[in-house]
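Peer 1: just coords:
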């Protein structure tokens, strides 16, 4: 009898469920829009269709640490109730998973943020986790 092995958590931070648009910019400047599925201080999980994934990861090659797809992510977080704050972060696509026939999840690990982006993401994620009900 073989035991099931748990998949390693690719992010060592707690994830908060978030549903909002995110724009992913490739190094050539081409921009694509996806949806955020969850967000942590160190990364973001996207929900995309196959056409979008094909443009970000040609031939659906599984991300390889030696050859990561570098991207720039742009999204908004409502840190200030009356005015969302723009976040711009550079990162690497580190995860690809097919969820349904035309739905994929892409994991992006943040490398660095512009301006106070890390502070705003950290504040937003902390608030979401504090407001979420305990299981």
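Peer 2: Right, received. Where do you want to start? Please read these numbers as outputs of a predicted model, since none were measured by experiment.
Peer 1: any idea of the mean pLDDT in whichever strand or helix holds residue 98?
Peer 2: Applying DSSP states H and E as the criterion places residue 98 in strand 83-100. Strand 83-100 shows a mean pLDDT of 92.
Peer 1: check stretch 17-34 too.
Peer 2: Mean predicted confidence for stretch 17-34 is 94.
Peer 1: tell me what the closest residue to residue 44 other than its chain neighbours is bridged to.
Peer 2: Leaving aside its sequence neighbours, residue 44 sits nearest to residue 108 (C-beta to C-beta, 6 or more residues apart in numbering; 5.1 Å). For every residue, glycine as well, the C-beta is placed using N, CA and C. Using DSSP bridges, the beta-bridge partners of residue 108 come out as residue 44, residue 93.
Peer 1: how about the contacts made by residue 108?
Peer 2: Counting by C-beta atoms under 8 Å, 6 or more residues apart in numbering, residue 108 touches 24, 43-46, 71, 73, 91-94.
Peer 1: TSV for the residues you listed, including neighbour count?
Peer 2: What follows is the contacts of residue 108, written out as TSV (neighbours: other C-beta atoms under 10 Å):
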residue	neighbour count
24	25
43	24
44	26
45	22
46	25
71	22
73	22
91	22
92	17
93	19
94	17
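Peer 1: which parts of the protein are strands?
Peer 2: For the chain, the strands defined by DSSP state E occupy 16-17, 21-25, 31-39, 43-48, 69-80, 83-100, 103-113.
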